[in-house]
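Participant: Sequence plus the predicted model coming up.
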Amino acid sequence: MSFQIEPDRAAAFAKAIGADPAAGVPPTFAAVYSLGATAPQLFGDPDAAVDFARLLHAEQEFTWARHPRPGETVTSQGQVASDVTRRGMRFVSFETQTTDRAGQPVCRSKALFVIRS
Amino acid sequence: MSTLVVTFTKNQIAAYAEASGDHNPIHLDDDFARTVGLPGVIAHGLLQMGLMATVAAEAASGAHRLRRLTCRFAGMVVPGDTVTFTAEPSGAGKLELRAVNQRGEPVLTKSSAEVIG
């Protein structure tokens, strides 16, 4: 999934988290360009059968090789790393790798979602 | 130690929904949120993490120096809650991160950051 980091959107995101919009792309804008660019493939997949209303985002980790620049286009690939059910709760670990145009790493996202039954 | 105290509002949560593209109605629609067993709308975990990152960036002397950020979303945050976010150096290249609500309950746990030296 290719994603262009629109400077205006990154600035609006910065304001929403109390950061300086002039300080570049906020680190957790990775929630948009990395996790957000790939999560629809998980939630939209009928086989994954994720009930949005019962979904809780339990844990999140971002690891950056570098932070992208405003206007830059990055590419992200997501995959389910594990999917287990324990005591009626389903735990889905979803990992995303984001790279730049040269194929060099930018960010890795690891999200843990819990789906209540 | 860097600190940010935030009293959450519906407007702020809506602004984050708009900027992030996460329009899950549990963050925007009280009636819907109640139908899935919530007290009303709740803040996005990633909004909390974004605010945490803003504090971590200040403690790291620049957002571009953050290399890793980890959070567990341990408690719900609703409009009207006041959360104190703190970032404190905890060894070489590491920050310990805390987010505690007005009742002293942690809302983010197992939270830490790594910064470049």
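Facilitator: Cool, the structure landed.
Participant: the longest strand in chain B is where?
Facilitator: Taking DSSP state E as the criterion, chain B has its longest strand at strand B:106-115.
Participant: buried sites along that strand?
Facilitator: Burial within strand B:106-115, assessed by neighbour count using 16 or more other CB atoms under 10 Å in any protein chain shown, is assigned to B:Val107, B:Leu108, B:Ser111, B:Ser112, B:Ala113, B:Glu114, B:Val115. Just so you know, the C-beta spots here come from the backbone N, C-alpha and C atoms, and that holds for glycine as well.
Participant: go on, stretch B:8-19?
Facilitator: Buried residues in stretch B:8-19, counted by 16+ other CB under 10 Å: B:Phe8, B:Lys10, B:Gln12, B:Ile13, B:Ala15, B:Tyr16, B:Ala17, B:Ala19.
Participant: Check whether that stretch comes near chain A.
Facilitator: Yes - using CB under 8 Å from any CB of the partner chain, stretch B:8-19 reaches chain A at B:Gln12, B:Ala15, B:Tyr16, B:Glu18, B:Ala19.
Participant: give me the beta-bridge partners of residue 82?
Facilitator: Just going to use chain A. Per DSSP bridges, the residues bridged to A:Ser82 are A:Ser93.
Participant: think we crossed wires, I meant chain B
Facilitator: If you apply DSSP bridges, the partners that B:Thr82 bridges to are B:Thr7.
Participant: Mind checking the pLDDT average for the longest helix seen in chain B?
Facilitator: Taking DSSP state H as the criterion, chain B has its longest helix at helix B:45-59. For helix B:45-59, mean pLDDT rounds to 97.
Participant: Kindly report the same for stretch A:36-54.
Facilitator: The pLDDT scores in stretch A:36-54 average 79.
Participant: what do you get for stretch B:18-25?
Facilitator: Averaging pLDDT along stretch B:18-25 yields 92.
Participant: How about stretch A:1-16?
Facilitator: Across stretch A:1-16, the average pLDDT comes to 96.
Participant: The nearest residue to A:Gln104 once chain neighbours are set aside: how many residues sit nearby?
Facilitator: Leaving aside its sequence neighbours, A:Gln104 sits nearest to A:Ala65 (CB to CB, 6 or more residues apart in numbering or on different chains; 7.1 Å). For A:Ala65, the neighbour count with other CB atoms under 10 Å in any protein chain shown is 13.
Participant: Please report the distance of A:Ala65 from A:Gln97.
Facilitator: Separation of A:Ala65 from A:Gln97 (CB to CB, to the nearest Å): 10 Å.
Participant: Touching both of those two, which residues are there?
Facilitator: A:Pro105, A:Cys107 (CB atoms under 8 Å, 6 or more residues apart in numbering or on different chains).
Participant: what's the longest helix in chain A?
Facilitator: Using DSSP H to define each element, chain A has its longest helix at helix A:7-16.
Participant: same for that helix, what does it pack against?
Facilitator: If you count contacts as 3 or more CB pairs under 8 Å, 6 or more residues apart in numbering or on different chains; DSSP states H and E, helix A:7-16 packs onto helix B:10-20, helix B:45-59.
Participant: what sits up against the first one?
Facilitator: So that's helix B:10-20. Applying CB under 8 Å, 6+ apart, the set of residues contacting helix B:10-20 from outside is A:9, A:12-13, A:15-17, A:31-32, A:36, B:6, B:22-24, B:27-28, B:41, B:43-44, B:46-47, B:50, B:79.
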